[in-house]
Structures are given as C-alpha cells and as structure tokens.
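Trainee: Okay, structure incoming, though there's no sequence with it:
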Ligand code: TTP
Ligand code: MG
C-alpha cells in the first residue's frame, strides 16, 4: 500500500515580541519598536531580541548588539524583555494551533509544524485550512502570523519565511526545487554561519548551487552532514512532525557590564542564570537532559560546550554543577569574558515524564 504524500504546514508569528508589545500599548504602533537589552544611550551591552518591521527598515535585527541598534535607530521605542507575558501568549497560540493538526510539533516560542495529511486531501484544501488558522489566531490573539505549506518540514519552514509579515506561501512537491534554487544556503535548516562560510569557499552560495554540486565531494568536506545537505538542497526531508510536548530549548545569557577575568564573579552569575533557567523549566513543567554553556571572550570569539546527563532532570543543583563543570576550561587568566549563557534542551513535559515513570 502506497502512503499518501504528506502535506506539512509551518506557522511562524510575525515579529513576535514586538507585536505583543504593540498590542498591549496602542501608542507605540506605527513606530520602530525594539525589544531587548537596555540601550543606555548607546552604551548598553546586551543584544536585540527582536525588532518590528518599522525598525528593520533601519537595519536592526535579532541578536545584534543593542549599541549597534541605537546607532542605526536612536528614535526607536526600546523595551525590556517581558518573557512571562510572551510565554503566556505563546501557550495560547500553541493551544489554538494544536487543534488544526493530527500531528503537531512546537518548534520555538512562536512557531510550530502541523502535519495536516489526515486533515485535508490536497493543496487547495490546505490553503483554505491555513487561511482559517490565520483568521483564528488573529481573532483570538490580535496577532498575525505567516504560514508555509509544503511536502515536508524543510520546505514548509522556508516557505513560511518567504513572504512576511502576514504571508501565506504554498510550495507543492514538484515546485520545491525551483522554489529553493535561488535562495541562499543559509535558509536550509542546520546551515549556520560557519557552514555557510565553508560552502562559500567551494563557490556555493545558493541552494541551487549546492544541489548541482557533486554529493561525494560534499561528503569529503562535511562527512555525514554533507549527504544530508545534498538531499536538503533538492528539497528532500524525511523527518517526521514529532508529537513532542513543549519547546526544544530555553536559554538565558548575560553580557557583562565590563569584560572580566574575575572568575569567582563569573561563577556567581552562572549560578544565577542556572537558577532563572531552572525556574523557567519548572514553570513550564519541563525536564531536560542536555546542558549547554556559551562563553564569549572580549574579542567576540564564542565557544559552546554541552553535556548530556544520564537521566532527565529539572534539579537545580545538578544544573548548577553541570554548568560550572562545562565553563571551567574557558577560564584562562589572560582572557577576559564578555558574555556567558546557559541553555537546557532535550525536553520532556511533566505529563510524559509521569507516563514514563508509570511504565518504569
Ligand atoms: P523569530 O520568529 O525568529 O523572529 P520574529 O518573530 O521576531 O520575527 P519574524 O517576523 O521574522 O518571524 O523569533 C521569535 C521570537 O524569539 C522573537 O520575537 C524574539 C525571540 N528571539 C530572540 O530573543 N533572540 C533571537 O536571536 C531570535 C532570532 C529571536
Ligand atoms: Mg517569528
């Protein structure tokens, strides 16, 4: 029996944090709005979480130093991150979306994959389905989102990003390669800045160039990842929409007011981050197995180091101990630290955890 071809939707909220702030405060609507660290008249040291589309016209982007944002757009409305509010809105949206798919996977705070193969019979019906979802979210939350429809997660995700904000992009299986060809390789899942640079050395900048490249020579350079990339470049992705509860990871980071080599102080801050993070996890009923520490030195050189624990946990002492252990190798007397961060991932919800311990 041949299985029916899948139809996958990816839904991603538009400029999520700033859209919520605009909803809460009508006075800032229409102005450039930036959520993130305190800019302190250009002397602030953290980063931009997100910027609305008015601020993006000035070149402001997520993860950019807030001081740079200030240079580009000093007249913007700058707001601190109100994570609690955004998490509550996120939960509301996820609960709306969940009803529209047989198989559902939350991917980040403002995005999710929906496998609607069992809910619709073709792409035209999927389009109607997507319009219904967009309307429902707008009616219930006052926020807009962008939707991508495709034959798999990879294509759906790239499609949702294609026409933002308030977009709807449909890419049928037979159109996938043509759609992907002109796009930069960076759009492919898992192609980060480093991989992008290494591909550029091979003369590969677009997904089409990657698709035309000899797969075996990609394997030579990137080993297993090389064959994966070659398939993705042809729009092939067999990964399932996984019925996972909750988000994939949550993290906290701090940019120090002054670069520092006072490692006792760094450890204290690290413990604080662990505490906040553990509260986030417990608040969401989440358990984790993987802990990652990020260190950025004064010259912006950035390292990450992870450890996967033998058992799933949400224990504070265990998190603190692991984070301390992971950061230790980066303490070098001659190197000052600019930023540290902690991330926990490999989540499982309390509900599933209970099920597991019942079995065990
Ligand atoms: P994104 O969906 O990547 O961005 P966005 O929703 O702000 O904008 P777009 O319309 O392009 O989708 O991320 C969702 C939220 O996650 C974003 O509003 C803020 C937060 N975020 C950060 O805090 N830091 C980051 O580096 C990124 C990328 C996002
Ligand atoms: Mg978004």
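Mentor: Happy to help now that I have it. Since the model is a prediction, treat every value here as computed from it, not as a measurement. Numbers count the residues shown, from 1 in each chain. Ligands and ions are numbered 1, 2, ... in the order given.
Trainee: What is the end-to-end distance of stretch 40-51?
Mentor: Across its full length, stretch 40-51 reaches 17 Å between end residues, using C-alpha to C-alpha, to the nearest Å.
Trainee: in the sheet, who's paired with the residue most central in space within the chain?
Mentor: Averaging the C-alpha coordinates of the chain gives a centre point, and the residue nearest to it by C-alpha atoms, centre = their mean is residue 108 (5.2 Å). Applying DSSP bridges to residue 108 gives these bridge partners: residue 111.
Trainee: Need the pLDDT of it.
Mentor: At residue 108, the predicted lDDT confidence score is 73.
Trainee: again, but for the one 3 residues further on
Mentor: Residue 111 is assigned a predicted lDDT (pLDDT) of 90.
Trainee: again, but for residue 248
Mentor: Residue 248 is assigned 64 on the pLDDT scale.
Trainee: How about residue 320?
Mentor: At residue 320, the model reports a pLDDT of 96.
Trainee: So for stretch 55-75, mean pLDDT?
Mentor: On average, stretch 55-75 scores 95.
Trainee: Centre of the chain to it, how far?
Mentor: Mean-position distance between stretch 55-75 and its chain equals 20 Å (C-alpha atoms, centre = their mean, to the nearest Å).
Trainee: That stretch spans what distance, first to last residue?
Mentor: 10 Å.
Trainee: And ligand 2, is it touching that?
Mentor: No. Counting by C-beta under 5 Å from the ion, ligand 2 has no neighbours in stretch 55-75; the shortest distance is 9.4 Å. In this view, the C-beta of every residue, glycine as well, is placed from N, C-alpha and C.
Trainee: now what about that stretch, what contacts it?
Mentor: With C-beta atoms under 8 Å, 6 or more residues apart in numbering as the contact definition, stretch 55-75 has outside contacts at 15, 18, 32-34, 36-39, 41-51, 76, 78.
Trainee: so of those residues, which ones are in helices?
Mentor: Taking DSSP state H as the definition of helices, these contribute residue 18.
Trainee: ok, and of the contacts of stretch 55-75, which contact ligand 1?
Mentor: With C-beta under 6 Å from any ligand atom as the criterion, the subset of the contacts of stretch 55-75 in contact with ligand 1 comprises 15, 49, 50.
Trainee: Of these, just say which sits nearest to residue 325.
Mentor: Distance from residue 325 was checked for each of those by C-beta to C-beta. The minimum falls on residue 49, at 28.7 Å.
Trainee: follow-up on the earlier one: filter the contacts of stretch 55-75 to the buried ones?
Mentor: Buried residues within the contacts of stretch 55-75, defined by neighbour count using 16 or more other C-beta atoms under 10 Å: 15, 18, 32-34, 36-37, 39, 44-51, 76, 78.
Trainee: Show me the contacts of stretch 55-75 that map onto strands.
Mentor: With strands defined by DSSP state E, the entries of these inside them are 33, 34, 36, 48, 49, 50, 51, 78.
Trainee: Now the stretch 201-350 of the chain against ligand 1: closest residue?
Mentor: Scanning the stretch 201-350 of the chain for proximity to ligand 1 using C-beta to the nearest ligand atom identifies residue 251 as nearest, at 9.3 Å.
Trainee: Could you list the low-pLDDT ranges of the stretch 251-360 of the chain?
Mentor: Along the stretch 251-360 of the chain, the model assigns pLDDT under 70 to residues 283-285, 347-360.
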